[in-house]
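K.L.:
only the shape, not the letters, is given here:
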C-alpha cells in the first residue's frame, strides 16, 4: 500500500492481509469497492477510475468504481501529493505520477508505456481490460517495481529517464539506463495479462507469472526500442540465460516449480523463477513456433479474468516436465567417434560439488531432460537442423571430417556444451567469421564453467580470452569478465597472483583506445555498451592510459559540480567517480557525499554512491556501512542498502571491512528488517576468502557463508596452479 508522501509497500504474499482481510489464495479472488477520506491537498489512486470526489472543510471523500475480479496482492492504493501527466497515445487513460521536481524525467515512460500496452493487446489479441493505467515513481521503494493492476509502482530509477529527444541519450543517463527503464516498464505491463488477467493458483507456480513477464517483456522492450534492432536478443543471452545458469548449476538450486509447503514466499522471487523461467519459455517458443502464441491466446480466452492459471491447460507434453519440476540443467557431451560421426550424451551440470553437499543432491544428479538441439556446420550455416536428445539415450550424428560443427545455435537451448578436443579445435576455425557474437559469448561462458568443474583445463577459456582484442561486441567481453573477475578474486592473495593480473592487463591494453570515451556518449547501443565495457575494465584493471583520462574527467567534474536549480549535478560516469575516489582524498569523498545527498536524478545518485564505494580508506568505508544502519541520509535510504553492499563487493579493500562490520552489527540489521540486504552483504564480503581461517567465525550463524569459503578453498587447492602456469607461459611469449 502506498502511504503519504514517500513510503511504499509491496503486497506480494501475506502482506496484502495488512490492508485487506482476505487470504491471498489465487483461487479466492474478489471485487474490491473503494472509498477514501483524506486531506484535500492529496490525490488518491487505485486500480479503477474515480466515481465521485468532493472537497469539504479541507477533507475530501473519494469513491471508486468496483475493481475487476483480482487477487488481493494486486490491489493498491496510493495517497500522494504528486502531480501527473497524461498520455494521449493510447485509447486508455494513461498517467505517470512522480515528485514535482522530477516531472521533466517522465517523457520516455509516457512514450514507452502506452506503446508497449498497445503492442501487448495486439500481440495477445486480448484488449487491456481496465479503463485506465497509472504508473507511479515511489521515492523509497524496496522492490524494483510492482504490477498492481491499474496502478504499477516503480523505484524512481526504474521509471524515470530524461532524454533531450525520445531517440537520444541525456547527459546523466546512458543507453543502458534507457534500456533498463524500457525493460522494467515492459515487464510490469506484460503482467497486466500474465499475472493479473490470468493469475497462478498459488505461489509455488509464480514462475508462470514472472517467467512469462520476463520473456514477453523482452519482446515488448524491443518494440519500444525499435531504433536498436536485435539488441534485446543479445541482452537476453547474457542477462537471462547465463545469469540463470550461474545460479542453477549450484548443488542445491531449487526447481522452477517450488514446494507448496514453503513458508517464506519471498525466496521464490529469485533468478530461477525469473531468468530460468524466461529462458525455458524462450526455448519452448522456438520448439512450438506459431503454436506457442496460439496456445497463449487459448489460455487467456478460456479463463475468466484472474481465476487462476492452470499449467495443465497449456499442454506441451512431457517435454516441459523435467525443465519445470526438476532442479538444474544439462551439459551435453559431444565426443567424436571417428572421422565421420560424433556421439551426444547428457548429464546434469553441477559446480562446487563437495563431500558435504553431495548427499543432498545425489537423488537429482542422474536427472535427464528432453533437449531440443539446433545445430549448424561449415557447409550448412543456416539454423535449420534440429535433433532431440532424449532422457537416458545417446545420439550418433554423421559429420564431415574437416568441417566445424556447433550445437545450441543461437543459444536456443538451456544447456552447456562440452566438446572433445578435436571437435573444439574444428569449431574455433569458424570463430570470427561464422559464429555469432551471442554464440561466442555462450561458448566463453561454457568454457569457464566447465573449467570450474575440472571437465576441461583452464587453458580452454583463457585461450578464448586471447581472442577478445578482435571482438567488437560487448556480450563476449561481459561473459569473459565474469570468469576473469572470479579468477582474480581466487588469486588475489596468491603469491603469484600478480601474473594473472598482468595477463589480463595485456589483453586490455590491446583493446583500449582513448576515443572509446567519446563513443560511450553515442546513441548507438552496441557501440556505446562495447565502448563502456572496455573503458570500465581497462580503468578497473589499472591500465594507465585509461586511468589518466578518468582522473582528468574527475578533476573537471570536481571543479564544476555545483548543483543546478533543479537539484541535479553536472553528471559524469561511474568509472570516473570510482577512479577519483580511489585516490583517498577525504575532501573529494566529502564533496561526492554532499552531492549524493542532494542529487535529484535517481540514477545519478546511484552513480555517485557507486563512486563512494570505491574508496580504499577504511574509515570512509565504515562511514558508508554505518549509514546503511542509520538510514537518515537521502544518499542511502532503505531501498539503497542492498545496492550499496553490491557496490562494496566490487572493492577488494571493502570486503574484509564488510565482514567485520556484519559480524559485529548483525542483530541491528535484523531489527531494522534488513534481512535481504544482509544476505547480499554476506555473499559480497566472502567472495575473495580463500582460507579456512577467514570463514571460521560464527559457523552456526553464517553456515552458508562458511560453505562458500570452503568452495573457494577447494578451487584454490585444485586449480590455482594450472591458471598461474598458463598465464606465466603466455606472458613469456613475445
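P.N.:
Arrived safely, thanks for sending. What you are looking at is a predicted structure, and each value in this text was computed from that prediction instead of being measured.
K.L.:
I'd like the distance between the one residue sitting closest to the centre of the chain and residue 123.
P.N.:
Nearest to the geometric centre of the chain sits residue 239, at 5.7 Å (Cα atoms, centre = their mean). According to Cβ to Cβ, to the nearest Å, residue 239 stands 22 Å off from residue 123. Heads up, the C-betas are built off the backbone N, CA and C, glycines and all.
K.L.:
dump the residue contacts of the residue nearest to the centre of the chain.
P.N.:
Contacts for residue 239 (Cβ atoms under 8 Å, 6 or more residues apart in numbering) come out as residue 275.
K.L.:
what do you get if the cut-off is 10 Å, keeping everything else the same?
P.N.:
By Cβ atoms under 10 Å, 6 or more residues apart in numbering, the contact set of residue 239 is 179, 183, 214, 218, 232, 275, 278, 475, 478.
K.L.:
list the contacts of the second one.
P.N.:
Think residue 183. If you count contacts by Cβ under 10 Å, 6+ apart, residue 183 has them with 112, 158, 214, 217-218, 220-222, 224-225, 232, 235, 239.
K.L.:
turn those into CSV, including distance to residue 651, pLDDT and secondary structure.
P.N.:
Converted to CSV, these look like this (distance: Cβ to Cβ, whole Å; pLDDT from 0 to 100; DSSP: H, G, I helix; E, B strand; the rest coil):
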residue, distance to residue 651, pLDDT, secondary structure
112, 34, 97, helix
158, 25, 96, helix
214, 30, 96, helix
217, 32, 97, helix
218, 32, 98, helix
220, 36, 98, helix
221, 31, 98, helix
222, 35, 98, helix
224, 35, 97, helix
225, 33, 97, coil
232, 31, 95, helix
235, 26, 96, helix
239, 23, 97, helix
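K.L.:
hang on, the earlier thing: and of the contacts of residue 239, the nearest to residue 630?
P.N.:
Among these, residue 183 lies closest to residue 630 (Cβ to Cβ), at 32.6 Å.
K.L.:
quick check: mean pLDDT of the stretch of helix or strand the closest one belongs to?
P.N.:
Secondary structure from DSSP states H and E places residue 183 in helix 175-190. Here helix 175-190 scores 96 as its mean pLDDT.
K.L.:
same deal with stretch 134-146?
P.N.:
In this model, stretch 134-146 has a mean pLDDT of 91.
K.L.:
compute the first-to-last residue distance for it.
P.N.:
By Cα to Cα, to the nearest Å, the extent of stretch 134-146 from end to end equals 12 Å.
K.L.:
in that stretch, what counts as buried?
P.N.:
Neighbour counts over stretch 134-146 (16 or more other Cβ atoms under 10 Å) mark 134-146 as buried.
K.L.:
among those residues, which are in strands?
P.N.:
Using DSSP state E, the subset of those located in strands is 134, 135, 136, 137, 138, 145, 146.
K.L.:
ok, so of the residues you listed, who is nearest residue 449?
P.N.:
Out of those, the member with the shortest distance to residue 449 (by Cβ to Cβ) is residue 145, at 30.8 Å.
K.L.:
in the stretch 51-200 of the chain, which spans are strands?
P.N.:
59-64, 78-80, 84-87, 93-97, 132-138, 145-146, 151-155 (DSSP state E, counting those that start in this stretch).
K.L.:
the longest helix anywhere in the chain packs against which elements?
P.N.:
What stands out as the longest helix in the chain, according to DSSP state H, is helix 703-732. Secondary-structure packing of helix 703-732 (3 or more Cβ pairs under 10 Å, 6 or more residues apart in numbering; DSSP states H and E): helix 437-452, helix 459-465, helix 474-491, helix 497-511, helix 675-685.
K.L.:
give the buried residues for it.
P.N.:
Buried residues in helix 703-732 (16+ other Cβ under 10 Å): 705-713, 715-716, 719-720, 723-724, 726-727, 730.
K.L.:
on that earlier part again, which among the buried residues of stretch 134-146 gets closest to residue 430?
P.N.:
Distances from residue 430 to these, taken by Cβ to Cβ, are shortest for residue 144, at 39.5 Å.
K.L.:
quick check: the closest one vs residue 154, distance?
P.N.:
The spacing between residue 144 and residue 154, counted by Cβ to Cβ, is 7 Å.
K.L.:
overlap in contacts, these two.
P.N.:
184, 188.
K.L.:
quick one on the thing from earlier: from the contacts of residue 183, which single one is nearest residue 439?
P.N.:
Residue 439 has its nearest neighbour among the contacts of residue 183 in residue 235, at 15.0 Å by Cβ to Cβ.
K.L.:
for the closest residue to residue 470 other than its chain neighbours, give me phi and psi.
P.N.:
Leaving out its chain neighbours, the residue that sits closest to residue 470 by Cβ to Cβ, 6 or more residues apart in numbering is residue 432, at 6.5 Å. In terms of degrees, to the nearest 10, the main-chain angles of residue 432 are phi -90, psi -20.
K.L.:
am I right that residue 432 is in contact with residue 440?
P.N.:
Yes: under the criterion of Cβ atoms under 10 Å, residue 432 makes contact with residue 440 at 8.3 Å.
K.L.:
looking at these two, which is more packed in?
P.N.:
residue 440 (21 against 13; other Cβ atoms under 10 Å).
K.L.:
can you pull the contacts of the more buried one?
P.N.:
By Cβ under 10 Å, 6+ apart, the contact set of residue 440 is 431, 432, 464, 467, 468, 471, 473, 475, 476, 479, 480.
K.L.:
name the helix or strand for the first one, please.
P.N.:
Read that as residue 431. Judged by DSSP H and E, residue 431 forms part of no helix or strand.
K.L.:
and stretch 454-467, what's buried?
P.N.:
Neighbour counts over stretch 454-467 (16+ other Cβ under 10 Å) mark 455, 456, 457, 458, 459, 460, 461, 462, 464, 465, 467 as buried.
K.L.:
quick one: common contacting residues for residue 432 and residue 440?
P.N.:
Shared contacts of residue 432 and residue 440 (Cβ under 10 Å, 6+ apart): 467, 471.
K.L.:
extract the residue ranges of the stretch 301-450 of the chain that are flagged as low pLDDT.
P.N.:
Residue ranges of the stretch 301-450 of the chain with pLDDT under 70: 303-317, 353-364.
K.L.:
which residues of it fall in helices?
P.N.:
Remark: helices assigned in the stretch 301-450 of the chain by DSSP state H, counting those that start in this stretch are 321-325, 358-365, 421-428, 437-452.
K.L.:
now do residue 409 against residue 207, distance only.
P.N.:
26 Å.
K.L.:
kindly report the same for residue 321.
P.N.:
14 Å.
K.L.:
quick one, which of these two is more surrounded?
P.N.:
Under the neighbour definition other Cβ under 10 Å, residue 321 and residue 207 were set side by side, and residue 207 has more, 25 against 13.
K.L.:
and the end-to-end length of stretch 129-143?
P.N.:
The first residue of stretch 129-143 is 25 Å away from its last residue (Cα to Cα).
K.L.:
how far is that stretch from where the chain is centred?
P.N.:
Its chain's average C-alpha position is 21 Å from that of stretch 129-143, according to Cα atoms, centre = their mean, to the nearest Å.
K.L.:
residues contacting residue 586?
P.N.:
By Cβ under 10 Å, 6+ apart, the residues touching residue 586 are 615, 617, 619, 620.
K.L.:
for it, give its distance to residue 620.
P.N.:
7 Å.
K.L.:
buried ones in whichever strand or helix holds residue 554?
P.N.:
For residue 554, the element it lies in under DSSP H and E is helix 544-559. Neighbour counts over helix 544-559 (16+ other Cβ under 10 Å) mark 546, 547, 549, 550, 551, 553, 554, 557, 558 as buried.
K.L.:
rewinding a little: buried only: go through the contacts of residue 183 for me.
P.N.:
By neighbour count, with 16+ other Cβ under 10 Å, those hold 112, 158, 214, 217-218, 220-222, 224-225, 232, 235, 239 as buried.
K.L.:
can I see the domain layout of the protein?
P.N.:
Domain ranges of the chain: 13-323, 329-433, 436-541+719-727, per automatic domain parsing.
K.L.:
now the spatially closest residue to residue 236 that is not a sequence neighbour: how far from residue 281?
P.N.:
The shortest distance from residue 236 to any non-neighbouring residue, by Cβ to Cβ, 6+ apart, is to residue 218 (5.5 Å). Distance, residue 218 to residue 281, using Cβ to Cβ: 10 Å.
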